[in-house]
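> sequence-free structure coming up:
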């Protein structure tokens with residue numbers, strides 16, 4: 001486990017796309033990840049991460065994805081992942097699928113970032129200004145998809161000078177176990193710490209002086 005001295009009052013948690021489309025049975029993307037969710041324990045791990053972050057009192061940012069009818073019909077250049085989402089009308093604005101999963105939803109005092117439309121959440125949302133306004137320097141990232149939005153946002157945050165923690169068991173990869181294992185090998189190259197949920201919460205408790213359970 002890498003040693004990271006987190007700074008009290010400067011830690012934040014970003015959860016990407018904790019929405020029904022991915023995390024609820026009936027979500028259009030859920031069947032493609034269910035097996036990995038079960039193997040990794042992704043859902044329970046994100047719930048534990050969220051509970052622990054709230055108990056420690058650092059700010060939490062939720063980054064949803066959604067697309068409008070105009071997006072679906074007028075975009076000129078579609079990447080492979082956008083074509084898949086558009087062809088299947090995934091993350092449709094206002095739909096049940098684009099809503100937060102009830103157990104992975106923001107509370108009243110938590111920040112909901114403007115919906116992102118590309119895989120880097122920092123690229124075209126208010127995430128950067130929200131992090132700075134909340135004094136966040138140490139940014140931990142979980143959610144979905146580990147090989148897409150999580151990885152891309154982690155790279156971008158690192159490039160912008162944030163201290164980035166990737167959390168290996170609070171996500172899953174597109175492509176199953178081989179893709180997940182390759183992703184976990186990449187994460188330390190683009191992060192300052194790569195930890196499990198329990199390792200991260202223990203490290204942040206140590207930084208705040210809270211006793212471990």
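Looks like it arrived, so ask away. Source: prediction; values computed, not measured. Numbers count the residues shown, from 1 in each chain.
> in the host helix or strand of residue 200, which residues are buried?
For residue 200, the element it lies in under DSSP states H and E is helix 197-208. Buried residues in helix 197-208, defined by neighbour count with 16 or more other C-beta atoms under 10 Å: 197-205, 207. C-betas here are computed from N, CA, C, even on glycine.
> next one: stretch 98-116
98, 100-101, 104, 106, 110-111, 113, 115-116.
> just curious, which of those residues is nearest to residue 137?
Compare each of these with residue 137 using C-beta to C-beta and the shortest gap goes to residue 111, at 16.0 Å.
> how far off centre is the helix or strand residue 34 falls within?
Here residue 34 is covered by helix 30-40, with elements defined by DSSP H and E. Averaged C-alpha coordinates place helix 30-40 at 16 Å from its chain's average position (C-alpha atoms, centre = their mean, to the nearest Å).
> show me what it is in contact with.
Counting by C-beta atoms under 8 Å, 6 or more residues apart in numbering, helix 30-40 makes contact with 21-24, 42-43, 144-145, 169, 171-174, 176-177, 180, all of which sit outside it.
> if you set the cut-off to 6 Å instead, what comes out?
43, 169, 172 (C-beta atoms under 6 Å, 6 or more residues apart in numbering).
> tell me the angle of the next helix or strand after it relative to helix 30-40?
Beyond helix 30-40 in the direction of the C-terminus, DSSP H and E gives the next helix or strand as helix 42-56. Going by axes from the mean of the first three to the mean of the last three C-alpha atoms, to 10 degrees, helix 42-56 is angled at 70 degrees with respect to helix 30-40.
> which of the residues in helix 42-56 are buried?
The neighbour-count criterion (16+ other C-beta under 10 Å) identifies 42-43, 45-50, 52-53, 56 as the buried residues of helix 42-56.
> by contact count, what packs against whichever helix or strand comes after it?
If you walk from helix 42-56 toward the C-terminus, the next helix or strand you reach (DSSP H and E) is strand 60-63. Counting contacts by 3 or more C-beta pairs under 6 Å, 6 or more residues apart in numbering; DSSP states H and E, strand 60-63 is packed against strand 11-16.
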